[in-house]
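K.L.:
One predicted model, sequence on top.
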Amino acid sequence: MSEGSSTIDVDDHARRFDPESRARALQSLLIEKELLSSDAVDRIVSTYEDEIGPLNGARVVARAWTDPEYRNRLLDDALGAIAELGVEVNEDTMAIEVLENTPTDHHLVVCTLCSCYPWAVLGLPPTWYKTPAYRSRAVKDPRELLREEFDLDLDDGIEIHVHDSTSELRYMVLPQRPPGTENLSEDDLVELVTRDAMIGVARLGE
Amino acid sequence: MCPVAESYCMDGIHDVGGMDGFGSLSIGRDDGDNSDTDNDSDTDGDSGINDGDGSTDDEYDPFHEQWEEVTYSLFVATLGNGIANIDEFRHSIERMDPDRYLAASYYDRWVTGLSRLLLETDTIDFEDFQARTEAFDTGEGTLPERTEPGLVDELAAGVADAYGGEGTVRDPRFEAGETVRVRNHYPEGHTRCPRYVRRARGTVEAHRGAPVLPDANAHGDPVTEPLYEVAFTAQELWGEAGDPNVTVTLDLWESYLAPATAESSDTPDDDAEDVGDTDDFERADAHRRA
């Protein structure tokens, strides 16, 4: 590390310039230093916009609803079961545990320290997930948080299990299959699964 | 190592679990607004959340501004080129001035942290950075065009390396079902042990391998250590106000924990007697002081 960096006040610099100018400055410097390239930026962005997203998680959920053996494998070894559907998860970057909601148990995922999230199956997290408002309250007052902010009114008797993602082990909720969907195909079921249900701020069919 | 003593600050503003007063999420959930028409970057901050974060895949829209896409790429470049690891990156954000942290949008925090890392590692020069920022601020900046097919795959591999991976699993000290107490420990520097669980008693749910210890890895030492899922009742964490039907589970490294033996661990000072193995913490602390 640079001795000289002790005199650099990054926060002061950040106060004086908007993040766009600072990001562009870094982009231009890193491209000049051959640490980044114009096409790499395009590829990185398209990966997160087009290839990774909540659809992957929805496919996992719909399969678990329709194939009890797959559900068992998913709860036992999530990375292996997810890979069966062709969803690529680099095991160096995260492990995944799938948490199954039941009529009496509800799981809720948060990262109080930053924004850790099972992005390989759900994409990048929504903005609200990253806010101090959500992060602070989810661990202390989850029932009221769900009621007031997400219109999810969980009976006091339903046990809420909050999972604070403090490591590279990431959590995804397996929601309950909504009633009245017995005749739907797996593809149709995929359409019913929302990102919010896989974070645990929604229950499907309620 | 970061040269400024106060930049070690660990119990920073980012550790918000259980704090009050951040207000409503004000999520525009049912208004169908999937467009980001407001160009003011502050709207992606911590109060305005009506930004088209749809809950279905059709509405999935991870970036709302072009500079946010760029910022994500800067993160990939910084980790992918081995300039910093994931824990150093997290720590670079945690060292922000608290008022700035709260005022900044999410990706503004990333830009701030990344610029800190790139400067501290001498990857970029502050005067160049300053001049370049001013140029873009006044509309005079230009982006160099450079293509390098294959770079993105190299960066992806480098990012995976930057996550530290899994160590050799040594015998875990605690077993599933065992009651443990989180140590009353306030280390300097980075940690993934939030304030709100310190001194609380929880139950080990499972042993989860031996990943790299963030407290040490953020300061240049990729030591690994057993990790546990530990569950706490809400009443243990929040007293009588705690919901009797809520549990909170965290992933905690072994050196964050002590056995919850009898009366002795009820006073924080006794933790030291409970803990025979503080090597990793001491090692991490030594690195911070170095």
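P.N.:
Here it is on my side, so go on.
K.L.:
shouldn't A:Gly57 be in contact with A:Asp196?
P.N.:
No - contact between A:Gly57 and A:Asp196 fails when scored by Cβ atoms under 8 Å: they sit 11.1 Å apart. Every residue, glycine included, has its C-beta placed from N, CA and C.
K.L.:
Of these two, which one has the most company?
P.N.:
A:Gly57 (29 against 25; other Cβ atoms under 10 Å in any protein chain shown).
K.L.:
How about the secondary structure of that one?
P.N.:
The local conformation at A:Gly57, judged by DSSP: H, G, I helix; E, B strand; the rest coil, is helix.
K.L.:
Chain neighbours aside, what residue packs nearest to A:Asp187?
P.N.:
A:Ala62 (7.7 Å; Cβ to Cβ, 6 or more residues apart in numbering or on different chains).
K.L.:
residue contacts, the one you found?
P.N.:
With contact set as Cβ atoms under 8 Å, 6 or more residues apart in numbering or on different chains, A:Ala62 has these partners: A:186-187, A:189-190, A:192-193.
K.L.:
Which among the residues you listed count as buried?
P.N.:
A:189-190, A:192-193 (16 or more other Cβ atoms under 10 Å in any protein chain shown).
K.L.:
can you list the domains in the chain?
P.N.:
As the question left the chain open, I've gone with chain A. For chain A, automatic domain parsing gives the domain ranges A:3-50, A:53-199.
K.L.:
Chain B was what I was after
P.N.:
B:5-162, B:179-289.
K.L.:
would you turn these into a markdown table with distance to A:Leu122?
P.N.:
Supplementary listing: the domains of chain B in a markdown table, determined by distance: least, Cβ to Cβ, whole Å:
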| stretch | distance to A:Leu122 |
| --- | --- |
| domain B:5-162 | 9 |
| domain B:179-289 | 18 |
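K.L.:
Let me have these in TSV, adding distance to A:Leu146, mean neighbour count and mean pLDDT as columns.
P.N.:
TSV is the format used below for these (distance: least, Cβ to Cβ, whole Å; neighbours: other Cβ atoms under 10 Å in any protein chain shown; pLDDT from 0 to 100):
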stretch	distance to A:Leu146	mean neighbour count	mean pLDDT
domain B:5-162	11	19	83
domain B:179-289	11	19	83
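K.L.:
so can I have TSV of those showing distance to chain A?
P.N.:
Converted to TSV, the domains of chain B look like this (distance: least, Cβ to the nearest Cβ, whole Å):
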stretch	distance to chain A
domain B:5-162	3
domain B:179-289	4
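K.L.:
Nearest to A:Ser136, out of those domains?
P.N.:
Proximity to A:Ser136 (Cβ to Cβ) singles out domain B:5-162 among those, at 4.3 Å.
K.L.:
how about the helices in chain A?
P.N.:
Ranges of helices in chain A, per DSSP state H, are A:10-16, A:19-32, A:38-46, A:54-66, A:68-76, A:78-84, A:119-122, A:132-138, A:142-150, A:186-192, A:195-199.
K.L.:
Which one of the domains of chain A has the poorest average confidence?
P.N.:
The minimum mean pLDDT among the domains of chain A belongs to domain A:3-50 (a mean of 90).
K.L.:
Let me know whether B:Asp97 touches A:Asp11 as I believe.
P.N.:
Yes - using Cβ under 8 Å, B:Asp97 makes contact with A:Asp11 at a distance of 4.4 Å.
K.L.:
which one of the buried ones among the contacts of A:Ala62 is nearest B:Glu166?
P.N.:
Of all the buried ones among the contacts of A:Ala62, B:Glu166 sits closest to A:Val193, with 30.4 Å by Cβ to Cβ.
K.L.:
which residues sit in contact with the residue nearest to that closest one when sequence neighbours are not counted?
P.N.:
Excluding the flanking residues, the one nearest A:Val193 by Cβ to Cβ, 6+ apart is A:Ala58, at 3.7 Å. By Cβ under 8 Å, 6+ apart, the contact list for A:Ala58 reads A:190-191, A:193-194, A:198, B:57.
K.L.:
Check these and tell me the two furthest apart.
P.N.:
A:Glu191 and A:Met198 (14.0 Å).
K.L.:
Those two: who's more crowded?
P.N.:
For A:Glu191 versus A:Met198, neighbours defined as other Cβ under 10 Å are more numerous around A:Met198 (28 against 15).
K.L.:
from what I can see that one touches A:Val61, true?
P.N.:
Yes - using Cβ under 8 Å, A:Met198 is in contact with A:Val61, at 6.8 Å.
K.L.:
Show me the common contact partners of the two, please.
P.N.:
A:174-175.
K.L.:
picking up where we left off before, and the domains of chain A as CSV, adding distance to B:Pro187?
P.N.:
Output for these, formatted as CSV (distance: least, Cβ to Cβ, whole Å):
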stretch, distance to B:Pro187
domain A:3-50, 22
domain A:53-199, 14
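K.L.:
can you give me the strands in the stretch 51-200 of chain B?
P.N.:
B:179-182 (DSSP state E, counting those that start in this stretch).
K.L.:
who touches A:Arg177 in this structure?
P.N.:
A:65, A:189, A:204 are the contacts of A:Arg177 under Cβ under 8 Å, 6+ apart.
K.L.:
ok, so what distance separates the second one from A:Leu99?
P.N.:
To tie it back to what came earlier, the one meant is A:Leu189. Here the criterion is Cβ to Cβ, to the nearest Å. By it, A:Leu189 lies 19 Å from A:Leu99.
K.L.:
Could you count how many residues lie near A:Leu99?
P.N.:
A:Leu99: 20 neighbours (other Cβ under 10 Å).
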